[in-house]
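Colleague: Quick one: sequence plus predicted model below, questions after.
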Amino acid sequence: MAEIPYRYAPDNKIENLVEKHSGLEAGQETSDVVTVAGRLMLRRVQGKLAFGTLDDGSGRIQLFAPSKVTPDFEDFCNLNLGDWIGINGAVMTTKRGELSVRVESWSLLAEARRPFPDKWHGMTDTDTRYRQRYVDLWVTEEARKAFQTRSRMISLTRSFLENLGAMEVETPIFHPIPGGANARPFVTHHNALDLDLYLRVAPELYLKRLTVAGFDKVFEIGRVFRNEGLSTRHNPEFTMLEFYQAYADYEDIMALVEELVEHLAIQLTGSTILEIEGRAIDVAKPWRRATMTELVQESIGVSVDLDTPLKQLRDIADKHEVAYKDDYGPGKLILEIYEKTTESSLWDPVYVTDYPVEVSPLAREHRTIEGMTERFEAIVAGKELCNGFSELIDPEQQRLRFEEQASQNELGDDEAMVVDEDYLRALEYGLPPTGGVGIGIDRLAMLITGVSSIRDVVLFPTLRPEQK
RNA sequence: GGGCCGCUAGCUCAUCGGGUAGAGCAGGGGACUUUUAAUCCCAAGGUGCCGGGUUCGAGACCCGGGCGGCCUACCA
């Protein structure tokens, strides 16, 4: 068998060939001589005639190899499933009408020295699929599709934001002070500086520094890291989109997010109606807006607000088996009640608005409602898709909020923020009115591709290392 | 972190009231010039996740551990 070449030059993708020749009748031969390369997925040898199925990642096409035409016919028949091969020959159809490439010359490009999974059943063990994604992606069509969709989704998102005139930036992943979200960070150490650094839990505070700097629309799509448990909805590293727009408030940002999601749904699935867990969901804009307290009222029939006595809020929490700590104020209690009793039952897209100041350290106070902020979360299919607000721009208020967080942190809440003096200094130079949002890209990809585990949209999800 | 379930050949799965493991596919050998998961014949393939225990005898039963899944708890 010939040596493996150093390069090979396919001139067609299979999906294009299939599209181009879709109307061809049985027993036809075209003058289209093509070179394609990919993996041999199936093989049917019949003595002096062999058939194969080649998959190049874009699609599959049959290989037609008569011994009279195909050089080194014996070797061709002895190829293993999973071998990489390059094929050159005419596009034709067989007697049965199957579109094929006749194998007039071929090259072995890589041997599959390990047996491929069962050609019919594929790979079903989820653990093996995640650990050996390189096999899963060949063998599991839906897996490959999902990642292609994810890639296109991010690309479309990027151009959507660029069309708004937004600039993409990259801010530090190593943070000397963790901040921008309530989450436990990963810690690492820089030797030369002899300095502990935190992997970012959010890019938020750096992006708003850039708004101070005069970049009036900025966004970042990047990995963030949270030292938390794993689940079907949580991977310790995940991709966050954050966007900030100067002169805008949370209403503007809500309009933008629903526009984006509708756009993505149409571009990627052809419809605003998606399917999640077998259930339809329409993400067409506009999405409903409702305050947190309104939704709690609808869900459990009790009216709560920041003036409701603590005792009463605790009774409600007890009644619905919502856990809380003694130091929770009314704001935190209301949030907990909302999250435990209401959030997961919301199906159609809804913007939940007006979060208590107590639980929103970076959001600007509501323009009319005391104790609330102009913050929103979009809940889609019972899950949080994004979190945004009119940004808190006042350095003195921000300091008080940080100090409140810091004291929580002192008391042992390792998800609470600490005071970031440099961020306060930036605010002192002046942050204009600004609206911002963070969108979990993985969650969005789950929504668009209709999968129910984040591991189906993360190529190499975090797993315990294999033990030998 | 808690509850439930799973782990048998490279892959997909069987087996039994505890008696020493079997099939399809893949891989090897052979037949076959229009197949579509091609088909047919032959041979080979196993530390039954790991470690203890009960038993004359354990892949099956008990205990401990590992890894994974689902549900549940938290952040997106």
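Modeller: Thanks, I have the structure now. Numbers count the residues shown, from 1 in each chain, chains lettered A, B, ... in the order given.

Colleague: Near the closest residue to residue A:230 other than its chain neighbours, how many other residues are there?
Modeller: Closest residue in space to residue A:230, ignoring its immediate chain neighbours: residue A:462 at 6.3 Å, by CB to CB, 6 or more residues apart in numbering. No exception for glycine: its C-beta is placed from N, CA and C like everyone else's. Residue A:462 sits with 13 neighbouring residues when counted by other CB atoms under 10 Å.

Colleague: wait, what's in contact with residue A:462?
Modeller: Residues near residue A:462 by CB atoms under 8 Å, 6 or more residues apart in numbering: A:230, A:235, A:236, A:237.

Colleague: you'd agree it is in a strand?
Modeller: No: using DSSP: H, G, I helix; E, B strand; the rest coil, the assignment for residue A:462 is coil, not a strand.

Colleague: how near is it to residue A:124?
Modeller: In this structure, residue A:462 and residue A:124 are 21 Å apart, going by CB to CB, to the nearest Å.

Colleague: Could you do residue A:93 as well?
Modeller: Going from residue A:93 to residue A:124 by CB to CB gives 34 Å.

Colleague: Among those two, which residue is more densely surrounded?
Modeller: It is residue A:93, of residue A:93 and residue A:124, that has more neighbours when counted by other CB under 10 Å, with 19 against 11.

Colleague: Next, the contact list for the more buried one, please.
Modeller: Going by CB under 8 Å, 6+ apart, residue A:93 touches A:21, A:24, A:25, A:26, A:27, A:28, A:29, A:99, A:100.

Colleague: Angles on the backbone of it, please.
Modeller: phi -120, psi 150 (degrees, to the nearest 10).

Colleague: Now do the same for it: its pLDDT.
Modeller: Looking at residue A:93, its pLDDT reads 96.

Colleague: Could I get the contacting residues of residue A:212?
Modeller: Residue A:212 neighbours (CB under 8 Å, 6+ apart): A:426, A:427, A:429, A:430, A:431.

Colleague: redo that, cut-off 7 Å
Modeller: A:426, A:429, A:430, A:431 (CB atoms under 7 Å, 6 or more residues apart in numbering).

Colleague: Just say helix, strand or coil for residue A:315.
Modeller: When classified by three-state DSSP, residue A:315 comes out as helix.

Colleague: Please disregard the earlier target; I meant residue A:386.
Modeller: strand.

Colleague: tell me which parts of the stretch 251-400 of chain A are close to RNA strand B?
Modeller: Within the stretch 251-400 of chain A, the positions adjacent to RNA strand B are A:323, A:336, A:339, A:340, A:377, A:383, A:384, A:385, A:386, A:387 by CB under 7 Å from any atom of the strand.

Colleague: and stretch A:453-464, which residues are buried?
Modeller: Across stretch A:453-464, burial judged by 16 or more other CB atoms under 10 Å covers A:454, A:455, A:456, A:457, A:458, A:461.

Colleague: neighbours of the closest residue to RNA strand B within the stretch 1-150 of chain A, just the number please.
Modeller: In the stretch 1-150 of chain A, the residue that lies nearest RNA strand B is residue A:47 (2.1 Å; CB to the nearest atom of the strand). Using other CB under 10 Å, residue A:47 is surrounded by 7 other residues.

Colleague: Equivalent analysis for the one 3 residues further on, please.
Modeller: Burial of residue A:50, expressed as a neighbour count using other CB under 10 Å, amounts to 21.

Colleague: ok, the closest residue to it other than its chain neighbours to residue A:94 distance?
Modeller: Leaving aside its chain neighbours, residue A:50 sits nearest to residue A:65 (4.3 Å; criterion: CB to CB, 6+ apart). To residue A:94, residue A:65 is 11 Å away according to CB to CB.

Colleague: So which of the two has more stuff around it?
Modeller: The neighbour comparison of residue A:65 against residue A:94 (other CB under 10 Å) goes to residue A:65, with 27 against 15.
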